[in-house]
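Engineer: coordinates for the following, if possible.
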Amino acid sequence: MALCNKLGSLLRQSAARSGHVPVGSMLNYVRCMSSSKLFIGGLSYGVDDQSLRDAFTSFGDVVEARVITDRDTGRSRGFGFVNFSSDESASSALSAMDGQELNGRNIRVSYANDRPPRPRSFGGGGGYGGGGYGRDDGGFGNPSF
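Structural biologist: As a prediction, the model looks like this:
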């Protein structure tokens, strides 16, 4: 929380001098104030959910620690997420762990961004002709039907 207070103070000073606050800085300040989920990048392939949790528990109560894996191979994709019960714990973990070594690799720690919803598509989309249902050529790129 001290980091957020310091950042807020710097933003106010910057606004007083220039007359405006940079949008990017303000967004980071808001994110800092209300985010308890961290993105962890650059993970070694040997890191699993438990070792990720263990690396971050000294900063506060870890609600969830998850290494993202490839659905086909089950192998780590080299990144994961740690969710804390409080924003203060997440902030101190970010400050202390960003750039530090974990299992032989320097990790990158930042606040996690919400993933935008993916548009849903119904029907079609596949096939050999790049199309699908409702096409004038009979579907699947074969006009001889």
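Engineer: which parts of the protein belong to which domain?
Structural biologist: Under the assignment automatic domain parsing, the domains of the chain span 1-34, 37-86+96-133.
Engineer: tell me where the protein has strands.
Structural biologist: Along the chain, counting by DSSP state E, strands occupy 37-41, 62-69, 76-84, 101-102, 105-106, 108-111.
Engineer: let me have these in CSV, extended by mean pLDDT and distance to residue 48.
Structural biologist: Using the backbone N, CA and C atoms, a C-beta is placed for each residue, glycine as well. Shown next, in CSV, are those (pLDDT from 0 to 100; distance: least, C-beta to C-beta, whole Å):
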stretch, mean pLDDT, distance to residue 48
strand 37-41, 97, 13
strand 62-69, 97, 6
strand 76-84, 97, 8
strand 101-102, 96, 12
strand 105-106, 96, 14
strand 108-111, 97, 18
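Engineer: need the least confident one among the domains of the chain, by mean pLDDT.
Structural biologist: Mean pLDDT is lowest for domain 1-34 among the domains of the chain, at a mean of 49.
Engineer: check contacts around residue 68.
Structural biologist: Contacts for residue 68 (C-beta atoms under 8 Å, 6 or more residues apart in numbering) come out as 76, 77, 79, 80, 81.
Engineer: excluding its backbone neighbours, what's nearest the third one?
Structural biologist: Computed as C-beta to C-beta, 6 or more residues apart in numbering, the closest residue to residue 79 that is not its neighbour in sequence is residue 41, at 4.7 Å.
Engineer: returning to that earlier point: so which of the contacts of residue 68 is the most crowded?
Structural biologist: Tallying neighbours with other C-beta atoms under 10 Å puts residue 80 at the head of the contacts of residue 68, with 23 neighbours.
Engineer: appreciated, that's everything.
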